[in-house]
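Enquirer: Sequence first, then the predicted structure:
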Amino acid sequence: MEIFDSLVIGAGQAGLAASYFLRERRIEHLVLDANPGPGGAWQHRWSSLSMADVHGVADLPSSSAPDGSALAANVVVPDYFGGYERDQHLPVVRPVRVDRVESEGDLLVVRAGARTWRTRTLVNATGTWTRPFVPWYPGIADFIGEQVHTANYPGAEHFRGKRVLVVGGGASAVQLLGELAPITDTLWVTRRPPVWRDEFDAAAGLAAVTAVEERVRRGLPPASVVSVTGLALRPQEQEAARLGAYDRLPMFERLEAGGARWADGRVEPVDAILWATGFRPAVDHLAPLGLRTPEGGIALVPVRGNVQGATTSVVDPRVQLVGYGPSASTIGASRAGRQAALAVSRHLASAAAEDLTGLGA
């Protein structure tokens, strides 16, 4: 069976960037992508999310991202990614849903159903979209209305005439309240009071990424972006603000058949719950490698002077994680792809040197 120098799992922004830099270094590799077509998680986002709404799509290496517009992001970005794959002749194989990665001596074995690949190194770029998180609350199974996670958001019109409880303190909750509040009745609940910001400059961005990097360095699970960046209202959300959509309530104590109940006895009837409660890293397929710390995260080797350059697993240096922790952003993903390719190159060179030393002995 052919042995690759590297395999990349995932063809989103981080995976494509890693593939570009691996090819630039003439490292033989494949990119295994679970999706039926290009676009990574962007192809699955709700249709009302326009290019003007997103935080930004960073340039892929040696390419310029499409300009913001009123066009749907789930069309524009997949077109951009697909064109990039073709123009750069990246070796993407799809659809391939990786089940598990195992260690076999000096090699890593990647399994996807009946298919198997062997590789000397691995770049994991699976993101979070396939791991939507819905927290458990008492009575969650008793609620008779509709429950939807943002990963499956059907658009605002779907909820017209319904009273919607939006749960979550992140940017997605703010954006979706901006869509929903002008056409239907909404309630917003979060575990902690939201932190609003007036501006977010380069210094604040560096501080935010550094805070995430510190968690990953300690082996803790990556925290949500909003926990370090804060929230801001855009012009398209001002009408929802005027209607009181962002008058947040504390978290309810339990759910009931027809709504939610708070510890002080307050009861609010609702027809639907929109869980804007984020995602978790999609890394279950790496479990056989034992990369997780007792704290539940995957510790990465810090890179001096580059907080978004932490990609190498502390436990297994054959494994690089891009789009994880400090590189889980559109800008960080491309930077991490470059760093991962460099780390792969160094590991391969070190392993080859060890082999020569062994032969000499």
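Expert: Here it is on my side, so go on.

Enquirer: which other helices and strands contact the lengthiest helix in the chain?
Expert: If you go by DSSP state H, the chain has its longest helix at helix 330-360. The contact analysis (3 or more C-beta pairs under 8 Å, 6 or more residues apart in numbering; DSSP states H and E) places helix 330-360 against helix 13-24, strand 122-124, strand 319-321. Every residue, glycine included, has its C-beta placed from N, CA and C.

Enquirer: centre of the chain versus that helix, how much separation?
Expert: In this view, helix 330-360 has its centroid 24 Å away from the chain centroid, taken as C-alpha atoms, centre = their mean, to the nearest Å.

Enquirer: what's the answer for stretch 24-39, then?
Expert: Distance of stretch 24-39 from the chain centroid (C-alpha atoms, centre = their mean) equals 18 Å.

Enquirer: Repeat that for stretch 82-98.
Expert: For stretch 82-98, the distance to the chain centre is 19 Å (C-alpha atoms, centre = their mean).

Enquirer: Give me the mean pLDDT for it.
Expert: When pLDDT is averaged along stretch 82-98, the result is 96.

Enquirer: buried sites along it?
Expert: Along stretch 82-98, these residues count as buried under the neighbour rule (16 or more other C-beta atoms under 10 Å): 82, 84-85, 88, 90-92, 96, 98.

Enquirer: Inside strands: which ones of the residues you listed?
Expert: Within these, membership in strands is found for residue 92, as judged by DSSP state E.

Enquirer: Now the buried residues of stretch 82-98 in JSON lines, please, with extra columns for distance to residue 74.
Expert: Below are these laid out as JSON lines (distance: C-beta to C-beta, whole Å):
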{"residue": "82", "distance to residue 74": "13"}
{"residue": "84", "distance to residue 74": "16"}
{"residue": "85", "distance to residue 74": "17"}
{"residue": "88", "distance to residue 74": "22"}
{"residue": "90", "distance to residue 74": "21"}
{"residue": "91", "distance to residue 74": "25"}
{"residue": "92", "distance to residue 74": "19"}
{"residue": "96", "distance to residue 74": "22"}
{"residue": "98", "distance to residue 74": "23"}
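
Enquirer: out of the buried residues of stretch 82-98, which are inside helices?
Expert: 82, 84-85, 88.

Enquirer: right, and out of the residues you listed, which lies closest to residue 252?
Expert: Proximity of those to residue 252 (C-beta to C-beta) peaks at residue 82, which lies at 43.0 Å.

Enquirer: Tell me the spatial nearest neighbour of that closest one, not counting adjacent residues.
Expert: Of all residues not flanking residue 82 in the chain, residue 38 sits nearest, at 3.6 Å (C-beta to C-beta, 6 or more residues apart in numbering).

Enquirer: Run a quick neighbour tally on that neighbour.
Expert: 24 (other C-beta atoms under 10 Å).

Enquirer: looking at it, it is touching residue 78, isn't it?
Expert: Yes - here residue 38 reaches residue 78: they are 5.4 Å apart, a contact under C-beta atoms under 8 Å.

Enquirer: Mind putting the helices and strands packed on helix 330-360 into CSV with distance to residue 137?
Expert: CSV is the format used below for these (distance: least, C-beta to C-beta, whole Å):
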stretch, distance to residue 137
helix 13-24, 33
strand 122-124, 32
strand 319-321, 31
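
Enquirer: Quickly compare those and say which is most buried.
Expert: Counting by mean count of other C-beta atoms under 10 Å, strand 122-124 has the highest mean neighbour count of those, with a mean of 29.

Enquirer: Tell me which residues are up against it.
Expert: 6-10, 15, 18, 22, 101, 108, 110, 283, 286, 318-322, 324, 337, 340-341, 344 (C-beta atoms under 8 Å, 6 or more residues apart in numbering).

Enquirer: repeat that with 7 Å
Expert: 6-9, 18, 101, 108, 283, 286, 318-322, 340, 344 (C-beta atoms under 7 Å, 6 or more residues apart in numbering).

Enquirer: Quick check: beta-bridge partners of residue 32?
Expert: Beta-bridge pairing for residue 32 (DSSP bridges): residue 9, residue 93.

Enquirer: correct me, but it touches residue 7?
Expert: Yes - counting by C-beta atoms under 7 Å, residue 32 does reach residue 7; the two are 6.3 Å apart.

Enquirer: ranges for the helices of the stretch 201-350 of the chain?
Expert: For the stretch 201-350 of the chain, the helices defined by DSSP state H, counting those that start in this stretch occupy 202-217, 226-229, 238-242, 330-360.

Enquirer: Worst mean pLDDT among the ones you listed?
Expert: Of all the helices of the stretch 201-350 of the chain, helix 226-229 carries the lowest average pLDDT, namely a mean of 56.

Enquirer: pLDDT wise, what is the residue nearest to residue 82 at?
Expert: Reported pLDDT for residue 38: 95.

Enquirer: That one falls within a strand, correct?
Expert: No - Residue 38 is assigned coil when assessed by DSSP: H, G, I helix; E, B strand; the rest coil, not a strand.

Enquirer: Run through the residues that contact it.
Expert: With contacts defined as C-beta under 7 Å, 6+ apart, residue 38 is in contact with 11, 78, 81-82, 85.

Enquirer: Closest one to residue 177 out of these, please.
Expert: Ranked by distance to residue 177 (C-beta to C-beta), the contacts of residue 38 are led by residue 78 at 26.5 Å.

Enquirer: Give me the residues contacting stretch 128-138.
Expert: Contacts with stretch 128-138, where a contact means C-beta under 7 Å, 6+ apart, come from 41, 44, 149, 151, 254-255, 275, 277-282.

Enquirer: cutoff 6 Å now
Expert: For stretch 128-138, the external contacting residues (C-beta atoms under 6 Å, 6 or more residues apart in numbering) are 41, 149, 151, 254-255, 275, 277-282.
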